[in-house]
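*Asks:* Model the structure of this input:
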Amino acid sequence: MANTKQAAKRHGQSLIRRDRNRYQISTLRGLLKRARAAVDAQDANASELVLKTTSALDKVASKGAIPAKRAARLKSRLMQRLNKSA
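*Replies:* Numbers count the residues shown, from 1 in each chain. Next up, the predicted model:
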């Protein structure tokens, strides 16, 4: 339990941020899963899905939900997978 008004406010803010970050990360996980599956299946719209996923990675990283270097690593691995399958 928070002892001060400021601590209570900070706790509430952290809960809001946690929920927002969880939503963004879970959405991102789904996009990554669909993009990887499309690339592995050599789907026709795989490159379009990969571009959408890289955009989402940049957006989530810019908001601070995931570290920028993790986003860069995931984008790099996704592009390598796409180029290898082509």
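*Asks:* Would you tell me what the next helix or strand after the lengthiest helix in the chain is?
*Replies:* Secondary structure of the chain read by DSSP state H shows that its longest helix is helix 5-40. If you walk from helix 5-40 toward the C-terminus, the next helix or strand you reach (DSSP states H and E) is helix 46-62.
*Asks:* Which positions within the next helix or strand after that next one qualify as buried?
*Replies:* Past helix 46-62, heading to the C-terminal end, the next element that is a helix or strand (DSSP H and E) is helix 68-85. Residues of helix 68-85 classed as buried under the neighbour-count rule (16 or more other CB atoms under 10 Å) are Ala71, Leu74, Lys75, Leu78, Arg81, Leu82. Just so you know, the C-beta spots here come from the backbone N, C-alpha and C atoms, and that holds for glycine as well.
*Asks:* Next: stretch 25-39.
*Replies:* Counting neighbours by 16+ other CB under 10 Å, stretch 25-39 gives Leu28, Leu31, Leu32, Arg34, Ala35, Arg36, Ala38, Val39 as buried.
*Asks:* Relative to Gly12, how far out is the residue positioned nearest the centre of the chain?
*Replies:* When the chain is reduced to its mean C-alpha position, the closest residue under CA atoms, centre = their mean turns out to be Leu28, at 3.7 Å. As defined by CB to CB, to the nearest Å, Leu28 lies at a distance of 25 Å from Gly12.
*Asks:* and the closest residue to Lys75 other than its chain neighbours, how many neighbours does it have?
*Replies:* Spatial nearest neighbour of Lys75, excluding adjacent residues (CB to CB, 6 or more residues apart in numbering): Thr54 at 4.8 Å. Number of residues near Thr54 (other CB atoms under 10 Å) recorded here: 19.
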